[in-house]
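Undergrad: Sequence and predicted structure are below.
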Amino acid sequence: MNTLPSSASTHSSFRWAISDVLTIARRNLMSLVRIPVAIVFMIIQPIMFVILFRYVFAGVINIPSTSYVNYLIPGILVQTMIFGSVGTAIGLAEDLQKGLIERFRALPMARLAVLAGRTISDMFRNVIVLVIITGVGFLVGFRPGGGFVAYIQASLLMLLFAYCLSWGFAFIGLAAPNSEAAQAITFPIIFPLTFVSSIFVLVSTMPGWLQPFAINQPISQTVVAVRGLMLGDPHGQSTWISLAWAVGAIVVLAPLAVNRYRKVA
Amino acid sequence: MSEFAVEALNIVRTFNDGDVRALDDVTLHVPTGQVFGLLGPNGSGKTTMVRILATILSPSSGSATVAGYDVVKQPNQVRRHIGLAGQNATVDENLTGFENLRMVGLLNHLNKAYVVAKSRQLLDDFGLSDAANRITKTYSGGMRRRLDLAAALVANPPILFLDEPTTGLDPQSRQDLWGIIERLVEGGTTVLLTTQYLDEADRLARQLVVLDHGKIIAQGTSAQLKAQMGATVLVLSFASTDDASRVRTLIADLSDKPANLEGTVIEMTVDNGPAVTADALRRIDGAGIALSGLALREPSLDDVFLNLTGHKAEDPTVEDATPGGRQRRRARA
């Protein structure tokens, strides 16, 4: 009885899944076009961190190998990407709260598309933020010496790392009772990982008992890799360790998020 | 497709590890091509039922088919045959009306050119063409509901679930929406409508199920439900509440249904209107009480509900029992 020009026969279900992901991602990105001020909110915080550490605290932080601004900016970039991935939790919690997830769940679309579309559009938003904060870094004197290719590699590494983490935030967004709570839940996870790290200071200046965590935790490893690539400094196995964390995170977190999406109602 | 567009057999749905029974052994047979009403106050389980039929929630036990497909085993087949609109499903505030419809059409895996044409046509039909390119954040409540309904119709579904489609709307918007629903049914669509408004069920639904606390407490056509009630409602009004409550005691034995007192007005469902009225008037006169108003009217579904449950349908003290049920969503209404 349904005589719609549905072209199911000419498309495989895989192609429809891709189409669904793109439709959702596009819908999410439209909200950036409609509320461009959202980008301003995303870049204000990292800019304040840049100013605070570059001009206020720089005098008391001594980095032997390079200028503090060169040390700082790669760390700020990684931190900003992580904060950006938190947006996944807030976005999904809002969709849930407003009833959009309810509508999507009653449509014959790919199950994964709401989550994949959300994480991909958030990564795209992160690319925009990354470009802007990179520009800010150069304005305040950031002069990396690692070369263009390594710089791009470093950027891709942190985008990928943040993307994989965003699946964990997707889970939080679907589990939280509302978007404010989602944001509140992410804070105690993000805060120790970004501040007890090598983002702002040398881990060797921290108390001995804190150092093993501070240097081995995934965000620090990513910062070491990104900084090493950007500045052209040796950084050991940290690129591989960061990639391993990223892959491990998505392997564990994506099924959790998908399972949560299936149950949420 | 069978003669029933929707069949639900012995549906039970519990929440909080069985503490809350949102649906308790509900069986529905929704005939193809008409409006079927699911009537009940907040917390009666209407929305839970719609969510189960729309494959959003799975039943704790029991089974259901929609358009002949099992809601648990063949959810994607079900989704291809349904449209869902109402208090929980909604539109994206940051997209325009047109973009919302296009998004839903594409997610239904329909051909792009068709989706664009159909979206334009629906916006026209629902009086939204002027607002088509405005973001929906700027829409009024009535416009949002119409867009919400339009989104449910992009894929031309043969079966439509409307979950309290007019809750919170002004009278004119309600009338508009009723007109749209009636035209859809004329076109062959089956509509499962939930409502807590008895006039809405009375006006639209050919068959009704009345739910209270997750259980079916009555079913049939609205005429049958009214007939079950007795033929007429006797309405008596007085100058003071004292007079009214005295008369209530005086005439209590004239019907097997309770006399309902609200302020200075008594309403009582009676089987033999004229005879009971004459009897009541004699007693009132004999007690020396002055009557300030008298009427006999057809029973409304409000009366049905009051008689069935002992409480009125629009009981504002009961919140929807769908637990964890995202009550916060309702906060926006």
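TA: Yep, it's here. For clarity, every value in this text was computed on a predicted model and none was experimentally measured. Residues are numbered from 1 along each chain as shown, chains lettered A, B, ... in the order given.

Undergrad: near chain A, which residues of chain B show up?
TA: Within chain B, the positions adjacent to chain A are B:1, B:51, B:54-57, B:76, B:79-82, B:84, B:87-95, B:99, B:103-104, B:106-111, B:114, B:135, B:151, B:155-156, B:158, B:326, B:328-329, B:332 by C-beta under 8 Å from any C-beta of the partner chain. Quick note: C-beta positions are derived from backbone N, CA and C, even for glycine.

Undergrad: ok, B:F98 touching B:R120?
TA: Yes: counting by C-beta atoms under 8 Å, B:F98 does reach B:R120; the two are 7.4 Å apart.

Undergrad: Could you pick out the buried ones from the residues of chain B next to chain A?
TA: Buried positions within the residues of chain B next to chain A, assessed by neighbour count (16 or more other C-beta atoms under 10 Å in any protein chain shown), are B:51, B:54-57, B:79-82, B:84, B:87-95, B:99, B:103-104, B:106-111, B:114, B:135, B:151, B:155-156, B:158, B:326, B:329.

Undergrad: Looking at those, which are in strands?
TA: Under the assignment DSSP state E, these contribute B:82, B:84 to strands.

Undergrad: The buried ones among the residues of chain B next to chain A in helices, which ones?
TA: B:51, B:79, B:99, B:103-104, B:106-107, B:114, B:151, B:329 (DSSP state H).

Undergrad: Distance-wise, check the residue lying closest to A:Y151 once chain neighbours are set aside relative to A:S198.
TA: Leaving aside its sequence neighbours, A:Y151 sits nearest to A:M230 (C-beta to C-beta, 6 or more residues apart in numbering or on different chains; 5.6 Å). Here A:M230 is placed at a distance of 14 Å from A:S198 (C-beta to C-beta, to the nearest Å).

Undergrad: before we move on, back to that, now for the ones in helices among the buried ones among the residues of chain B next to chain A: which two are most distant?
TA: Based on C-beta to C-beta, the longest span within those runs between B:Y114 and B:R329 and measures 31.6 Å.

Undergrad: May I see the domains of chain B written out as residue ranges?
TA: What automatic domain parsing lists as the domains of chain B is B:4-226, B:230-298.

Undergrad: distance between the shortest one and the chain's centre?
TA: Think domain B:230-298. 30 Å (C-alpha atoms, centre = their mean, to the nearest Å).

Undergrad: what does stretch A:254-265 give?
TA: That offset, for stretch A:254-265, works out to 20 Å (C-alpha atoms, centre = their mean).

Undergrad: Ok, stretch A:107-115 next?
TA: That offset, for stretch A:107-115, works out to 22 Å (C-alpha atoms, centre = their mean).

Undergrad: In that stretch, which residues are buried?
TA: In stretch A:107-115, counting by 16+ other C-beta under 10 Å, buried: A:107-111, A:113-115.

Undergrad: now do stretch B:240-248
TA: B:243-244, B:247-248.

Undergrad: What of stretch A:218-229?
TA: A:218-229.

Undergrad: same thing with stretch B:139-156?
TA: Buried-residue list, stretch B:139-156, by 16+ other C-beta under 10 Å: B:139, B:142-156.

Undergrad: same deal with stretch A:111-129?
TA: A:111, A:113-123, A:125-126, A:129.

Undergrad: Closest to chain B out of these?
TA: A:A113 (7.8 Å; C-beta to the nearest C-beta).

Undergrad: and the residue lying closest to that closest one once chain neighbours are set aside, how many neighbours does it have?
TA: Spatial nearest neighbour of A:A113, excluding adjacent residues (C-beta to C-beta, 6+ apart): A:D20 at 3.5 Å. For A:D20, the count of nearby residues is 24 (other C-beta atoms under 10 Å in any protein chain shown).

Undergrad: same deal with B:P171?
TA: Neighbours of B:P171 (other C-beta under 10 Å): 8.

Undergrad: Could you do the one 4 residues further on as well?
TA: Other residues near B:Q175 number 13, with proximity taken as other C-beta under 10 Å.

Undergrad: How much space separates it from A:W209?
TA: B:Q175 sits 72 Å away from A:W209, going by C-beta to C-beta.

Undergrad: what's the answer for B:I11, then?
TA: Remark: distance between B:I11 and A:W209 (C-beta to C-beta) = 57 Å.

Undergrad: Of these two, give the one with the bigger neighbour count.
TA: B:I11 (25 against 8).

Undergrad: what packs against the helix or strand where the more buried one lies?
TA: Per DSSP states H and E, B:I11 falls inside strand B:4-15. Judged by 3 or more C-beta pairs under 8 Å, 6 or more residues apart in numbering or on different chains; DSSP states H and E, strand B:4-15 is in contact with strand B:20-31, helix B:46-53, strand B:61-66, strand B:190-195.

Undergrad: Between B:F98 and B:R120, which has more neighbouring residues?
TA: B:F98 (21 against 15).

Undergrad: dump the residue contacts of the more buried one.
TA: B:119-120, B:123, B:132-133 (C-beta atoms under 8 Å, 6 or more residues apart in numbering or on different chains).

Undergrad: what pLDDT does it get?
TA: Reported pLDDT at B:F98 in the predicted model: 97.

Undergrad: same check, this time on A:H11
TA: At A:H11, pLDDT is 59.

Undergrad: Then B:M1?
TA: 48.

Undergrad: quick one: low-confidence ranges for the chain?
TA: Went with chain A since none was named. For chain A, the stretches flagged by pLDDT under 70 are A:1-11, A:265.

Undergrad: Wait, chain B was what I had in mind.
TA: Using pLDDT under 70, chain B drops low at B:1-2, B:88-89, B:228-231, B:301, B:310-333.

Undergrad: Select the longest helix from it.
TA: Longest helix in chain B, counting by DSSP H: helix B:171-186.
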